[in-house]
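have a look at this prediction, sequence included:
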Amino acid sequence: MNAKEFAEYVEEYLKNLAKKNGIENLEKYYSQSDYQFKEINELSGINQVFAQFVLHAQNATILCNIVKFFENYKFLYDITKGFSPKDFLKEINFKNESDRDKCVQNIVEKLRYNPESNSAGLKWSTKSKKPLIKRFANSLIDGAVYFIRFNEKQEVINDLEKHYDSFDSLSEYFINDIIKHGFSDALCCDFLKELDSTFDLPKPDVHIMKTLAKYNGYDHDYHKKTPAEYVNDFLNIVKEIKCEQPSMTAYKLDRQIWLCCTGNFFLDEKTFSKRKSCFKEEFLRGIN
């Protein structure tokens, strides 16, 4: 299966899946979906960017089911002082890195639901979940420390674009130099691709990794590659597809594969789908 055949297979599989689920418009899934949510759309400037960052900070296994960004939006809005980096850092009294541990603990306490006061908050039940919450708290600090340098969203985009000679250079700047404690390569890609079309990237999550592993014939040891290698492999496939389909983007192919693997047409529901059906194995069987 070459890149052209692969793209055709993905397109056909997704059309059939969408038809079974009564989905008529797939095009809305092929551009930045963050801005299709009113919670993000009602914000502006750097507050909007920070809100997007918080949304994507939760998009890790298990963590998203604790944070539940949209369900707990009002609570998270209050905790982050309206998603204002400056006001949030002032609220938690973060001045420099020596304050981090104390501030992380403070955030964790603020985040946790208190049944005695019946106040809003996040719920987690076991000690094993606390490291995830601390990771989320660290991400809130990292994001605020970075975004406080800017006044507008375009300034953020311009700063990141200066380091976008390749995915590797962008990754080195954004992940290694800025986001140090909570964001993975996958979450960074998730945030960047939704921030602006300038950053035409896939999110190297398990769906992309297993799909590329099957496509390239190394499905039995797909974890051996780094996320950066998967991103570059993916971008090379998109480049090949563009020879036949000039309008193809990494964002579109990434979203098509994700929908094929999950069946979660989230823009056609009020909140993220809670269906447990997974179409990944059936989808992967068709790749040869």
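Cool, got the structure.

give me the below-cutoff pLDDT ranges for the stretch 51-200 of the chain.
116-118, 128 (pLDDT under 70).

and Tyr164, what is it in contact with?
Neighbouring residues of Tyr164 by CB atoms under 8 Å, 6 or more residues apart in numbering: 170, 198-199. Where C-beta positions appear, they are placed from N, C-alpha and C, glycine not excepted.

report the buried members of these.
If you count burial by 16 or more other CB atoms under 10 Å, the buried members of these come out as 170, 199.

just the ones in strands from the contacts of Tyr164, please.
Among those, no member is found in strands (DSSP state E).

pick the one among the contacts of Tyr164 closest to Asn151.
Closest approach to Asn151 among the contacts of Tyr164 (CB to CB): Thr198, at 18.7 Å.

pretty sure the closest one contacts Asn158?
No: between Thr198 and Asn158 there is no contact under CB atoms under 8 Å: 9.4 Å.

quick check on the residue nearest to the spatial centre of the chain: phi, psi?
Centrality entry for the chain: nearest residue to the mean C-alpha point is Asp190, 3.1 Å, by CA atoms, centre = their mean. When quoted as degrees, to the nearest 10, the phi and psi of Asp190 stand at phi -60, psi -50.

mind listing what it touches?
The contact partners of Asp190, taken as CB under 8 Å, 6+ apart, are 56, 59, 203, 205.

from those residues, pick the one nearest Ala228.
Of all those, Ala228 sits closest to Lys203, with 12.7 Å by CB to CB.

so where do the helices sit in the stretch 101-250 of the chain?
130-147, 153-161, 167-171, 185-195, 206-216, 227-242, 250-262 (DSSP state H, counting those that start in this stretch).

most neighbours among the contacts of Asp190, which one is it?
Lys203 (28 neighbours; other CB atoms under 10 Å).

isn't Leu89 right next to Val145, touching?
Yes: between Leu89 and Val145 there is a contact under CB under 8 Å: 7.1 Å.

before we move on, the earlier item: which one of the helices of the stretch 101-250 of the chain lies nearest to Gln105?
Of all these, helix 130-147 sits nearest to Gln105, with 8.2 Å by CB to CB.

count of neighbours near Leu63?
Residues lying near Leu63 (other CB under 10 Å) number 21.

for it, grab phi and psi.
The phi/psi pair for Leu63 (degrees, to the nearest 10) is phi -60, psi -40.

now do the one 5 residues further on
Dihedral angles phi and psi of Lys68 (degrees, to the nearest 10) take the values phi 50, psi 70.

and for it, the neighbour number?
Neighbours around Lys68, by other CB under 10 Å: 17.

from Lys127, how far off is it?
20 Å (CB to CB, to the nearest Å).

Glu152: which of the contacts of Tyr164 is nearest?
Using CB to CB, these come closest to Glu152 at Thr198, 14.9 Å.

tell me the contacts of the closest one?
Thr198 neighbours (CB under 8 Å, 6+ apart): 157, 160-161, 164.

the same query, at a cut-off of 7 Å, please.
By CB atoms under 7 Å, 6 or more residues apart in numbering, the contact list for Thr198 reads 157, 161.

check Ser166 too.
Counting by CB under 7 Å, 6+ apart, Ser166 has no contacts.

what about it, distance to Pro202?
On the measure of CB to CB, Ser166 and Pro202 end up 14 Å apart.

ditto for Ile107
Applying CB to CB, the value for Ile107 to Pro202 is 31 Å.

which of these two has more neighbours?
Comparing Ile107 with Pro202 by other CB under 10 Å, the one with more neighbours is Pro202, at 30 against 23.

ok, the spatially closest residue to that one that is not a sequence neighbour - how many residues close by?
Distance criterion CB to CB, 6 or more residues apart in numbering; nearest residue to Pro202, sequence neighbours excluded, is Asp254 at 3.8 Å. Using other CB under 10 Å, Asp254 has 26 neighbouring residues.

got a list of what Asp254 touches?
202-203, 208.

using TSV, lay out these together with distance to Asn47 and pLDDT.
Formatted as TSV, those follow (distance: CB to CB, whole Å; pLDDT from 0 to 100):
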residue	distance to Asn47	pLDDT
Pro202	27	94
Lys203	24	92
Ile208	30	91
